[in-house]
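Chemist: what's the 3D shape of this:
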Amino acid sequence: MMEGTPFLQLANLCQKLEETTKRKEKTRLISSFLLRLNEEEIAPAVYLIVGTVFPEWDPRVLEIGGRTVWKIIDKSKQATLIPKPLTILRVRKYFEDIAAASGKGSRKRKENLVESLLSQASPIEAEYLVRIMFGEMRIGVVEGMMLEAIAEAARVDLELVRRSYMLLGDLGEIALTALKRGEEGLRHVSVQLFKPIKPMLAEMSYNISEVIASHGGKTAFEYKFDGARIQIHKKDQQVRIFSRRLTDVTDSLPDIVELVKSKIEAKDALLEGEVVAVGTDGKPLPFQDLMRRFRRVHKIEEMVKEIPLKLHLFDAIYFDGKSLIDTPYEERWSLLSKICESHLLAERIVTSHVSEAEFFLKRAMEAGHEGLMAKALNSNYTPGVRGKKWFKIKPADYLDLVIVAADWGYGRRTGWLSNYHLAARDEKTGEFLVVGKTFKGLTDEEFTEMTKRLQEIKTSESQYTVYVKPSVVVEIAYNEIQKSPHYKSGFALRFARITRIRGDKSPQEADTITRIKQLYEKQFEHKARQDS
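Modeler: Coordinates of the predicted model:
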C-alpha cells in the first residue's frame, strides 16, 4: 500500500508551473498543492519545488556529478524493473541518504542510490528529479514566489510571512508554521541561536554627499573590509560561525572560535562581523587567499598559521535572550562596544561632514580595505533586504574590454545573450584573452539590443554559448583583479559589471593584458602578498 502524496503529483505541478508565465497562476497552483499535503510533507515539498533539498543553512549536499547522473539515466532506460510508485517523503529520504553517504565507497553508494531512485521514476518524475539534483529547476519559482504562495495558502499577510522567513531562513519551516498555526504561529517566529538569518544588505553609492543627505544629514561610516562576512552564534562556551551564504564554517575558523569564547562578554549573543586574512605586516591579503581558509577542511591548524585572520565586529542582532532586529543601529553598536574589546570593533566614525567622510575613505583604502559602509543611525536590522538604510561606498576601477562570447540567459533573461565573456588584448599575439564574465549592468532594452548585435557577428555557437567577432567594447567597473588558473590570461576580475557600451572605441583601443598585470601589481601598494 502506497503512503503519502505521490511524487508524480509534484512533478505534474512543476510541469504546469513551467508552462505558465503568469505569476498569479503560479502562486495559485502552488498554494492549492500545499493545501493538499500531509503535515510532514509540507517542508520537503516546498524545497523540492524551488529546486533544492535542504535549507540554506543545512550543510548537507548531494555531491553528485553530472556525468554520473547521465550514465545512470542511460542505464535506467534499459532497465526492466517493475517501478514502485515514489512519494514525496520517499524521494526526500533518498536525497538524505545520498547526502549522508561518506567515506570509503561513498561514491559507489551514491550512484546506487541515484540509480535506485531513477529506476522507480516515470519519465516526467525522472526529469524533475534530475533537475533538482543539478540545482537547475528552471520553472520560474524562486523564494519570493514561494512566500507568496505560502501566504495565499495559509490566508495570512504576505509581509508577516516575509518577515518570519527573514528571521528563520527556512522556507520549509515557515510553510509548515503558516499552514498549521497561521498568523499567531508566524508572529512568534524570532531569531534563534544556531539558526543563521539572512544578512542585511546595502545599496551601492559613489556619492558621499547623497548618502549623508539620505540619512538625514548625519550617518555612521565604517570600514568596508575586503574579507568574508560572518555571523557568530554564542551560547555560554558553545560557538558556531556561519558564512553570508548561511553555511557553517566553524570548523575552518578555530582561531576565531577561541577569540569569541575569550573576548566576548555575553552569555548568549548573535554578532556580525568580517574576517580578513592578514600578512606578516598586518596588512590585508587578497580575497582569494582568505577563501583558502574558508574552503579548508583538512590540516586546518597549518592553515591557521599560514593565513592568520583578523576579526572586525560591526553588529549585534541578539543578546541575552532578546532579538535586536528592531533596535536602532546606534543602540546595537553601543551594546556591541560594551561586550567586546575596542580592537575587535570595525573602524568607525559618525559625521555630518563630507570632507571628514572622504578623508576616512582615503584612510580605509590606504589600509588595504575596499571602501566604506554608511549606516543610518536609526536603522533597524532587516535580514535579507537591500535598501538605503545601509550603503556601500567603493571607489571602482574601470577597464575597457571586448566581448568575445556570451551565454544564453535563463529565468527572466531567457531569450537574451546576457552573460558576457570579457577579454583584454594580448599585445604580443593580438589575441583577446578572457579575464572575466558579467551579466550585470545593462537594462532590459540594452540586453535585447546587445543580443541582436552579437548574433550579427557570431562566428560559432555551442549549446549555451555564442562566440563572436571581437568588436564590441564595453567599459567595466570592478573591485579587484585576482590571479586565475581558469583563464588563459591568468587573471580574473572580481565583481565585474558593465557601466557603458563604448561605441566610440575600437577593439584595438581596449585595455591590454599588460595593463591588467600592472593594475594587479598596483593592488599590493596597500595589500599584503601571500607567497605562493
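
Chemist: now this structure, which segments are flagged as low pLDDT?
Modeler: 1-2, 65-68, 74-83, 295, 396, 504, 531-532 (pLDDT under 70).

Chemist: cutoff 50 now
Modeler: Applying pLDDT under 50 to the chain flags residues 1-2, 80, 82, 532.

Chemist: how close does Leu34 get to Thr5?
Modeler: 11 Å (Cβ to Cβ, to the nearest Å). Using the backbone N, CA and C atoms, a C-beta is placed for each residue, glycine as well.

Chemist: overlap in contacts, these two.
Modeler: By the contact definition Cβ atoms under 8 Å, 6 or more residues apart in numbering, Leu34 and Thr5 are jointly contacted by Ala45.

Chemist: between those two, which one's more packed in?
Modeler: Leu34 (24 against 18; other Cβ atoms under 10 Å).

Chemist: what's the helix or strand for that one?
Modeler: For Leu34, the enclosing helix or strand under DSSP states H and E is helix 23-35.

Chemist: so what's the most centrally placed residue in the chain up against?
Modeler: Residue closest to the mean C-alpha point of the chain, counted by Cα atoms, centre = their mean, is Arg245 at 5.3 Å. By Cβ under 8 Å, 6+ apart, Arg245 lies in contact with Glu56.

Chemist: C-terminal to the longest strand along the chain, what's the next element?
Modeler: The longest strand of the chain (DSSP state E) is strand 465-478. Where DSSP H and E defines the elements, the next helix or strand beyond strand 465-478 is strand 480-483.

Chemist: in its sheet, what does whichever helix or strand comes after that next one sit against?
Modeler: Remark: after strand 480-483, the chain's next helix or strand is strand 491-494, criterion DSSP H and E. Applying DSSP bridges, strand 491-494 is found paired with strand 480-483 (antiparallel).

Chemist: which of the residues in the longest strand of the chain are buried?
Modeler: Of all the residues in strand 465-478, those buried under the rule 16 or more other Cβ atoms under 10 Å are 466-468, 470, 472-478.

Chemist: show me where the stretch 301-450 of the chain has strands.
Modeler: Assigned by DSSP state E, counting those that start in this stretch, the stretch 301-450 of the chain shows strands spanning 309-319, 322-323, 348-351, 371-375, 386-393, 397-408, 417-425, 432-438.

Chemist: switch those over to JSON lines; also include distance to Leu48.
Modeler: As requested, the strands of the stretch 301-450 of the chain are arranged in JSON lines below (distance: least, Cβ to Cβ, whole Å):
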{"stretch": "strand 309-319", "distance to Leu48": "30"}
{"stretch": "strand 322-323", "distance to Leu48": "31"}
{"stretch": "strand 348-351", "distance to Leu48": "44"}
{"stretch": "strand 371-375", "distance to Leu48": "37"}
{"stretch": "strand 386-393", "distance to Leu48": "28"}
{"stretch": "strand 397-408", "distance to Leu48": "26"}
{"stretch": "strand 417-425", "distance to Leu48": "27"}
{"stretch": "strand 432-438", "distance to Leu48": "30"}
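
Chemist: out of these, flag the one nearest Thr451.
Modeler: Checking those against Thr451 by Cβ to Cβ gives strand 417-425 as the closest, at 4.5 Å.

Chemist: tilt between the closest one and strand 432-438?
Modeler: For strand 417-425 against strand 432-438, the angle by axes from the mean of the first three to the mean of the last three Cα atoms, to 10 degrees is 140 degrees.

Chemist: off-centre distance for strand 417-425?
Modeler: 22 Å (Cα atoms, centre = their mean, to the nearest Å).

Chemist: after the host helix or strand of Glu258 comes which helix or strand?
Modeler: Glu258 belongs to helix 254-263 when assigned by DSSP H and E. Next helix or strand after helix 254-263 toward the C-terminus (DSSP H and E): strand 268-277.

Chemist: residues of that following strand that come out buried?
Modeler: Within strand 268-277, the residues that count as buried by 16+ other Cβ under 10 Å are 269-277.

Chemist: packing partners for it?
Modeler: Here strand 268-277 touches strand 228-235, helix 287-294, strand 309-319, going by 3 or more Cβ pairs under 8 Å, 6 or more residues apart in numbering; DSSP states H and E.

Chemist: out of these, nearest to Gln508?
Modeler: Of all the helices and strands packed on strand 268-277, helix 287-294 comes closest under Cβ to Cβ, at 31.1 Å.

Chemist: who does that closest one touch, helix- and strand-wise?
Modeler: Contacts defined by 3+ Cβ pairs under 8 Å, 6+ apart place helix 287-294 against strand 228-235, strand 268-277, helix 300-306, strand 480-483.

Chemist: so can I have a markdown table of these showing distance to Ala213?
Modeler: Shown next, in a markdown table, are the helices and strands packed on helix 287-294 (distance: least, Cβ to Cβ, whole Å):
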| stretch | distance to Ala213 |
| --- | --- |
| strand 228-235 | 27 |
| strand 268-277 | 26 |
| helix 300-306 | 44 |
| strand 480-483 | 29 |
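
Chemist: looking at those, which is closest to Met291?
Modeler: Per Cβ to Cβ, nearest to Met291 of the helices and strands packed on helix 287-294: strand 228-235, 7.6 Å.

Chemist: following element in sequence after that closest one, please.
Modeler: strand 238-243.

Chemist: now do that following strand against helix 287-294, angle only.
Modeler: 140 degrees.

Chemist: just the buried residues of strand 238-243, please?
Modeler: Buried-residue list, strand 238-243, by 16+ other Cβ under 10 Å: 239-243.

Chemist: quick one: which of those residues is nearest Tyr329?
Modeler: Closest to Tyr329, out of all of the buried residues of strand 238-243 and judged by Cβ to Cβ, is Phe242, at 21.1 Å.

Chemist: secondary structure element holding the nearest residue to that closest one once chain neighbours are set aside?
Modeler: Counting by Cβ to Cβ, 6 or more residues apart in numbering, Pro196 is the residue found nearest to Phe242 once chain neighbours are left out, at 4.0 Å. Counting by DSSP H and E, no helix or strand carries Pro196.

Chemist: Pro196 contacts Ile230, doesn't it?
Modeler: No: using Cβ atoms under 8 Å, Pro196 is not in contact with Ile230; the gap is 9.8 Å.

Chemist: hmm, back to that, now, which of the buried residues of strand 268-277 sits nearest Gly321?
Modeler: Closest to Gly321, out of all of the buried residues of strand 268-277 and judged by Cβ to Cβ, is Ala269, at 10.0 Å.

Chemist: bridging residues for the closest one?
Modeler: Beta-bridge partners, per DSSP bridges, of Ala269: Lys234, Phe319.

Chemist: quick one: contacts for it?
Modeler: Here Ala269 is in contact with 232-234, 316, 318-320, 339 (Cβ under 8 Å, 6+ apart).
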